[in-house]
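Chemist: Let me see the structure of the following:
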Amino acid sequence: MTQNPASAGPRADDGRRSRRGAVKGVAWILDGVGGPFLGLVVLVAIMAIFAPNFAKPINLINILDQVTVLGILALGATAVIITGGIDLSVGSVFALSVMVLGWLSHDGGMPLWIAMIACVAVGGLAGLVNGLAVTLTRLPPFIATLAMMSVARGLANMTTDGRQITGYPEWFYSLASTRYGGFLSITLMALIVLYVIGWAILKYRSSGRAVYAVGGSPEVARLAGIKVKAVTTWVYVVAGLAAGLAAIVLASRLDSSQPSAGEGLELDVIAAVVIGGASLAGGVGRITGTLVGVLIVGVMHNGLNLLGVSPFLQQVIIGVVIAAAVFTDVLRRRKERSG
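Modeler: This is a model prediction of the structure:
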């Protein structure tokens, strides 16, 4: 029995249009981050082949849990780096926030929800100090945040004389431990919501376009009527608020607050943002790219741990990856100028 071409044609056309629409949708999501995404796919394939138990569902869920804190911190750092700044204090502010959370809820006798608000507020205050140091005192971001890194780490240890705090309520611990649909926790859902909000602001809001303008050329942005100092200050505040939110997630995951939390984490944060395609020269960066970068760093750490690679060697590898990503960005900008 032969098929009627006239009747088959519309269905075939609908199928082709559907496939083209799907391809365009994927291309739209991966716009500008195709390279990092391809790198993530290759990395996952390599780890699945060589790292024992890497591809097991329980391990993949574990990776998502592990990158939640890094993802929130990298989200805030993305805006900072797009403006041409840098935040070396993110790990220490993160530690200070988590210790304030524990101290207020355990030693201070405050309800946990108030301690959570204070935790985020402390992060935002530290970010505000960073932003004002950069804009008002005109300290280079590297120096301003380096100073905050030392101050915040010292305060984190002073809060409880270096001791950790353990034992949060069951409902707080369940935020990170209870899974919906087999893999989604409240903390992971919060990460997804934050990334959607950050992506929408940078892509569609005038405040997001101002961040790119400041990173591209502060003087041109000023002449265009953008309040450069205000924008610069606020991106550091956002980075601090993100550190406070990440501190809540960590305390929920570990059921504890530790003054040593976040040591060396700033390296992973910068790596995730840069690997995702952001330029340390400013003006370039995408939230979707940062998300891919976070997953790359998370997969890399998880796979190397499964392979038994020393944590010290992992630091070397992350450093090399950052250098390679920055070098690639330098070559790209040179090519754009010469072209």
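Chemist: thinking Ala95 is in contact with Gly154, fair?
Modeler: No. Judged on CB atoms under 8 Å, Ala95 makes no contact with Gly154 at a distance of 10.2 Å. Where C-beta positions appear, they are placed from N, C-alpha and C, glycine not excepted.
Chemist: Compare the two and say which is more crowded by neighbours.
Modeler: Using other CB atoms under 10 Å, the more surrounded residue of Ala95 and Gly154 is Ala95, with 27 against 13.
Chemist: which residues does the more buried one contact?
Modeler: For Ala95, the contacting residues are Ala152, Arg153, Ala156, Ala247, Gln258, Pro259, Ser260, Ala261, Gly262, Glu263, by CB atoms under 8 Å, 6 or more residues apart in numbering.
Chemist: Give me the three-state assignment for the last one.
Modeler: If I follow you right, that is Glu263. Secondary structure, DSSP: H, G, I helix; E, B strand; the rest coil: Glu263 is coil.
Chemist: tell me the pLDDT at Asn302?
Modeler: Predicted confidence (pLDDT) for Asn302: 93.
Chemist: Can you list the helices and strands that the helix or strand hosting it packs against?
Modeler: Following DSSP states H and E, one finds Asn302 within helix 287-306. Packing partners of helix 287-306 (3 or more CB pairs under 8 Å, 6 or more residues apart in numbering; DSSP states H and E): helix 34-50, helix 57-82, helix 186-204, helix 265-275, helix 311-338.
Chemist: Tell me the buried residues in stretch 305-319?
Modeler: Neighbour counts over stretch 305-319 (16 or more other CB atoms under 10 Å) mark Val309, Ile318 as buried.
Chemist: hmm, who's touching stretch 226-244?
Modeler: Stretch 226-244 is contacted by residues 72-73, 75-77, 79-80, 82-83, 85, 87, 90, 93-94, 97, 119-128, 130-132, 134-136, 194, 207, 210-211, 213-214, 218, 221-222 when judged by CB under 8 Å, 6+ apart.
Chemist: what's the most buried one of the helices and strands packed on helix 287-306?
Modeler: Ranked by mean neighbour count, these are led by helix 265-275 with a mean of 26 (mean count of other CB atoms under 10 Å).
Chemist: and the angle from the helix holding Asn302 to helix 311-338?
Modeler: 150 degrees (axes from the mean of the first three to the mean of the last three CA atoms, to 10 degrees).
Chemist: As CSV, the contacts of Ala95 with distance to Asn53 would be great.
Modeler: Output for the contacts of Ala95, formatted as CSV (distance: CB to CB, whole Å):
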residue, distance to Asn53
Ala152, 37
Arg153, 35
Ala156, 35
Ala247, 30
Gln258, 27
Pro259, 33
Ser260, 28
Ala261, 27
Gly262, 27
Glu263, 27
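Chemist: Mind checking which of these land in helices?
Modeler: If you go by DSSP state H, the contacts of Ala95 have Ala152, Arg153, Ala156, Ala247 in helices.
Chemist: For those, which entry has the maximal number of neighbours?
Modeler: The most crowded member of the ones in helices among the contacts of Ala95, judged by other CB under 10 Å, is Ala247 (31 neighbours).
Chemist: Report the separation between that residue and Phe172.
Modeler: When distance is defined by CB to CB, to the nearest Å, Ala247 is 13 Å away from Phe172.
Chemist: check contacts around the residue nearest the centre of the chain.
Modeler: Geometric centre of the chain, nearest residue: Ala74, 2.1 Å, by CA atoms, centre = their mean. Neighbouring residues of Ala74 by CB under 8 Å, 6+ apart: Val269, Ala272, Val273, Gly276, Thr290, Gly293, Val294.
Chemist: show me the contacts for the first one.
Modeler: Okay, so that is Val269. Counted by CB under 8 Å, 6+ apart, Val269 has contacts Leu70, Leu73, Ala74, Ala77, Asp87, Val90, Gly91.
Chemist: ok, back up a step: could I get the contacts of Ala95 as CSV with pLDDT?
Modeler: Formatted as CSV, these follow (pLDDT from 0 to 100):
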residue, pLDDT
Ala152, 96
Arg153, 96
Ala156, 95
Ala247, 96
Gln258, 92
Pro259, 93
Ser260, 92
Ala261, 92
Gly262, 90
Glu263, 90
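Chemist: Next, Tyr180: phi, psi?
Modeler: The phi/psi pair for Tyr180 (degrees, to the nearest 10) reads phi -110, psi 130.
Chemist: again with the one 3 residues further on
Modeler: Summarising the backbone geometry of Phe183 under the convention degrees, to the nearest 10, its torsions are phi -150, psi -20.
Chemist: Surely it touches Asn59?
Modeler: No. The criterion here is CB under 8 Å, and Phe183 misses it with Asn59 at 11.7 Å.
Chemist: what ranges do the strands span in the stretch 101-250 of the chain?
Modeler: Using DSSP state E, counting those that start in this stretch, the strands assigned to the stretch 101-250 of the chain run over residues 165-166.
Chemist: circling back: could you redo the ones in helices among the contacts of Ala95 as JSON lines and give each row distance to Ser310?
Modeler: What follows is those, written out as JSON lines (distance: CB to CB, whole Å):
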{"residue": "Ala152", "distance to Ser310": "28"}
{"residue": "Arg153", "distance to Ser310": "24"}
{"residue": "Ala156", "distance to Ser310": "27"}
{"residue": "Ala247", "distance to Ser310": "28"}
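Chemist: Fine by me, we can end here.
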